[in-house]
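K.L.:
sharing a sequence plus its predicted fold:
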Amino acid sequence: MFLRSLVNGDFEQALANFTSSLDPEGQPWTAERLQQTLAAYHADHDHLCLDPNARNVRHTYVVPSEDKKSWRVQQMLVDPEEHNDWVAEFEVDLSESRKRSEPALTLRRIGSLA
């Protein structure tokens, strides 16, 4: 849902998927911030792919925290040239997810791997 909302330019909907609107430094994620971030992505990439190749599990990485209370999830942003040099990174609060019966997600960052 998040990536599809980004591709569609619906930044408010993209943000609606998260339980917190703050990044790890306490800065708010806003529609304008997402739009600026995606503009930086588009400076080097034609578009963000959502095809079956882009959705393949090999582009998603899940790392459990040491205390087992959360997961860090990295989703590769697949581009048509397959440079795959940008990532969206999320945190999943496992306890809160169980309470809600749905993923409790926080957007940590979107940016270049370099």
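P.N.:
Cool, got the structure. Numbers count the residues shown, from 1 in each chain.
K.L.:
excluding chain neighbours, what is closest to residue 53?
P.N.:
residue 78 (6.6 Å; Cβ to Cβ, 6 or more residues apart in numbering). Quick note: C-beta positions are derived from backbone N, CA and C, even for glycine.
K.L.:
next, count neighbours for the residue nearest to residue 68 when sequence neighbours are not counted.
P.N.:
Spatial nearest neighbour of residue 68, excluding adjacent residues (Cβ to Cβ, 6+ apart): residue 94 at 7.5 Å. Neighbour count of residue 94, defined by other Cβ atoms under 10 Å: 15.
K.L.:
now do the one 10 residues further on
P.N.:
Taking other Cβ under 10 Å as the criterion, the count of residues near residue 104 is 18.
K.L.:
before we move on, what about residue 106?
P.N.:
So residue 106, with other Cβ under 10 Å, has 19 neighbours.
K.L.:
so what's the closest residue to residue 31 other than its chain neighbours scoring on pLDDT?
P.N.:
Spatial nearest neighbour of residue 31, excluding adjacent residues (Cβ to Cβ, 6+ apart): residue 11 at 3.7 Å. Per-residue confidence (pLDDT) for residue 11: 96.
K.L.:
can you check residue 17 too?
P.N.:
At residue 17, pLDDT is 87.
K.L.:
I'd assumed residue 54 was in contact with the residue nearest to residue 53.
P.N.:
Yes - assessed by Cβ atoms under 8 Å, residue 78 is found in contact with residue 54 at 3.8 Å.
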